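1. sharing a model prediction with you, sequence too.
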Amino acid sequence: MAEPQTVKLDQCAPYEPGEFVIDDIKAVEIKASALVPGIMNVVGVGFVYIPQTKVDGSKHVVIKTFGLNDNKAGNVTPVTDLLLDFKDGHYEARVAVPEPFRVEQDFQMTVKLEPDKHGVDGGFLRVLFFYDYEQPC
């Protein structure tokens with residue numbers, strides 16, 4: 001069995017396949033279409049949540065699940081229970097995925113967010129893919 005590789009995301013190229021429009025952060029699951037230009041081997045995933053109204057960082061936001069459905073690659077859920085850090089008026093986090101996965105062109109993303117009891121409603125959740133050797137065409 002191969003040893004898992006240590007991935008340094010700051011040495012990987014980022015790509016933003018799409019974003020979620022957040023109407024209600026307490027919604028069960030939110031879906032969004034996304035696109036990569038060709039084939040991409042994703043080694044890490046990042047998120048930037050920009051709230052609709054200014055917050056002071058007293059809230060917390062967790063990505064309970066993030067998954068995608070690719071017609072050729074199948075279903076993947078690379079991120080669960082990821083706490084986003086507050087920084088400069090928005091929330092962000094990035095994480096290397098334990099099993100890198102391949103995406104091809106257009107696909108569907110799903111996300112489930114978990115706010116604290118006070119919640120943060122509205123805004124946008126941007127998704128970043130960090131990829132290594134299979135560059136977009």
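-> Now that the structure is in, tell me what you want to look at.

2. alpha carbons only for contacts and neighbour counts from here, please
-> OK.

3. just checking, what packs against the one helix or strand Tyr49 maps to?
-> For Tyr49, the host element (DSSP states H and E) is strand 30-51. Contacts defined by 3 or more CA pairs under 8 Å, 6 or more residues apart in numbering; DSSP states H and E place strand 30-51 against strand 13-21, strand 74-87, strand 90-115, strand 123-131.

4. reformat these as TSV; add mean pLDDT.
-> Below are the helices and strands packed on strand 30-51 laid out as TSV (pLDDT from 0 to 100):
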stretch	mean pLDDT
strand 13-21	91
strand 74-87	91
strand 90-115	90
strand 123-131	93
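
5. out of the ones you listed, flag the one nearest Val7.
-> Smallest distance to Val7 across these (CA to CA): 6.5 Å, for strand 90-115.

6. in that closest one, what's buried?
-> By 16 or more other CA atoms under 10 Å, the buried positions in strand 90-115 come out as 90-97, 100-115.

7. what's the following helix or strand after the strand holding Tyr49?
-> Later in the chain than strand 30-51, the nearest helix or strand by DSSP H and E is strand 61-70.

8. now that following strand: mean pLDDT?
-> Mean per-residue pLDDT for strand 61-70: 91.

9. returning to that earlier point: so which of the helices and strands packed on strand 30-51 comes closest to Val28?
-> strand 90-115 (6.1 Å).

10. could you check the angle the closest one makes with strand 30-51?
-> Inter-element angle recorded for strand 90-115 and strand 30-51: 130 degrees (by axes from the mean of the first three to the mean of the last three CA atoms, to 10 degrees).
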